[in-house]
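Colleague: structure, please.
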Amino acid sequence: MPETLKPPYLKKAGQRGRISVWIVDGTYVRTHVDEEFTNYGQHYNFKYIPKEEFWIDREGKPDELKFFVDHLLVEHRLMESGVPYDQALVAADKAELAERKRAGDVKRMTKGGQLPDAKEVHVRLWKKLESMVSVWIVDGRLVRSVFDVDFTEGGHDYVYEFVPQNEVWIDNDLEEAERPYVLLHELHERNLMAQSWDYDRAHEDSSKIEYHCRHNPNELHAALGKEGWE
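Modeller: Residues are numbered from 1 along each chain as shown. Take a look at the predicted model:
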């Protein structure tokens, strides 16, 4: 345990054996440590996290801590024993999805055995752009439980087949102050992919712009304007 709480540590959420579970300021981590940090992490995937700590990003809607911790317990145990990340992730996702199913999320979204409707995860329309792209705040928990357990922060129709055409999704788990930076990333990435860029290249370019604006917030508004956000 740190001698004094300071970024990124916010509060201790529990103890799982020798592992301390910490709620951290994900915005601070993404801005000053690693822009690719998402909802949670452990040492064997993010080397800057101490070996006996799990980091969970402060949730905008705090209702997924148990799922994230159960995921990390499997991932950490397997990677500590030498299992490669890709294999550990599959096993951890399977364990997490089982917990989500037990919590009733899947049943809620598949009433009468029907396929889930993507529109059911819409929380509110943030904005409809002149390009006819609609930006939605979505229920991140339901997206992860039903469509893609690894969904984090945001996404759009050029990456996720379950996102309706001409939609960009922003996870309601993100704190409001951070949403514009993720929005910039997703709009820029989508615009590049619409020009036939492949995902990896578009994602890398979008991460650079997002990182720049996190460190130069006065440029954020202009950057969003270039992506069609007026």
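Colleague: domains in this protein, as residue ranges please.
Modeller: Domain assignment of the chain by automatic domain parsing yields the ranges 9-103, 118-226.
Colleague: straight-line length of the shortest one, end to end?
Modeller: One end of domain 9-103 to the other measures 28 Å (Cα to Cα, to the nearest Å).
Colleague: what's the helix or strand that contains residue 168 packed up against?
Modeller: For residue 168, the host element (DSSP states H and E) is strand 167-171. Judged by 3 or more Cβ pairs under 8 Å, 6 or more residues apart in numbering; DSSP states H and E, the packing partners of strand 167-171 are strand 134-138, strand 154-156, helix 179-194. Any C-beta I mention is one placed from the backbone N, CA and C, and that applies to glycine too.
Colleague: any idea which of those is most buried?
Modeller: Across the helices and strands packed on strand 167-171, averaging neighbours per residue (mean count of other Cβ atoms under 10 Å) puts strand 154-156 on top, at a mean of 24.
Colleague: quick one: that strand to chain centroid distance?
Modeller: In terms of Cα atoms, centre = their mean, to the nearest Å, the centre of strand 154-156 is found 9 Å from the chain centre.
Colleague: go ahead and confirm residue 75 touches residue 44.
Modeller: Yes: using Cβ atoms under 8 Å, residue 75 is in contact with residue 44, at 7.5 Å.
Colleague: between these two, which contacts overlap?
Modeller: Both residue 75 and residue 44 are contacted by 85, 88, under the criterion Cβ atoms under 8 Å, 6 or more residues apart in numbering.
Colleague: what's the helix or strand bottoming out on mean pLDDT in the chain in contact with?
Modeller: Among the helices and strands of the chain, helix 105-109 carries the lowest confidence by mean pLDDT, DSSP states H and E, at a mean of 85. The contact list for helix 105-109, computed with Cβ under 8 Å, 6+ apart, reads 100-101, 116-117, 120-121, 141-142, 145-146.
Colleague: dump these to CSV, plus neighbour count, pLDDT and secondary structure.
Modeller: Output for the contacts of helix 105-109, formatted as CSV (neighbours: other Cβ atoms under 10 Å; pLDDT from 0 to 100; DSSP: H, G, I helix; E, B strand; the rest coil):
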residue, neighbour count, pLDDT, secondary structure
100, 21, 94, helix
101, 13, 92, helix
116, 18, 84, coil
117, 13, 88, coil
120, 13, 91, helix
121, 25, 94, helix
141, 21, 95, helix
142, 21, 94, helix
145, 26, 94, helix
146, 25, 94, helix
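Colleague: out of these, flag the one nearest to residue 71.
Modeller: Nearest to residue 71, judged by Cβ to Cβ, of the contacts of helix 105-109 is residue 100 at 10.0 Å.
Colleague: pretty sure residue 22 contacts residue 54?
Modeller: Yes: the pair residue 22 / residue 54 is scored as a contact, 6.8 Å apart, by Cβ under 8 Å.
Colleague: next, the buried residues of stretch 189-208.
Modeller: Residues of stretch 189-208 classed as buried: 189-193, 197, 202-203, 206 (neighbour count, 16 or more other Cβ atoms under 10 Å).
Colleague: next, the distance between the ends of stretch 153-160.
Modeller: 13 Å.
Colleague: got the contact list for that stretch?
Modeller: Contacting residues not belonging to stretch 153-160 are listed as 38, 147-148, 151, 163-171, 174, 182-183, 185-186, 189-190, 193-194, 199 [Cβ under 8 Å, 6+ apart].
Colleague: could you dump the strand holding residue 168 to CSV, C-alpha only?
Modeller: What follows is strand 167-171, C-alpha atoms only, in CSV (Å, rounded to 0.1, in the frame of the first residue of the first chain):
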residue,chain,number,x,y,z
GLU,A,167,-23.3,5.4,-35.0
VAL,A,168,-20.4,6.2,-32.6
TRP,A,169,-20.8,4.8,-29.0
ILE,A,170,-19.2,6.4,-25.9
ASP,A,171,-19.2,4.3,-22.7
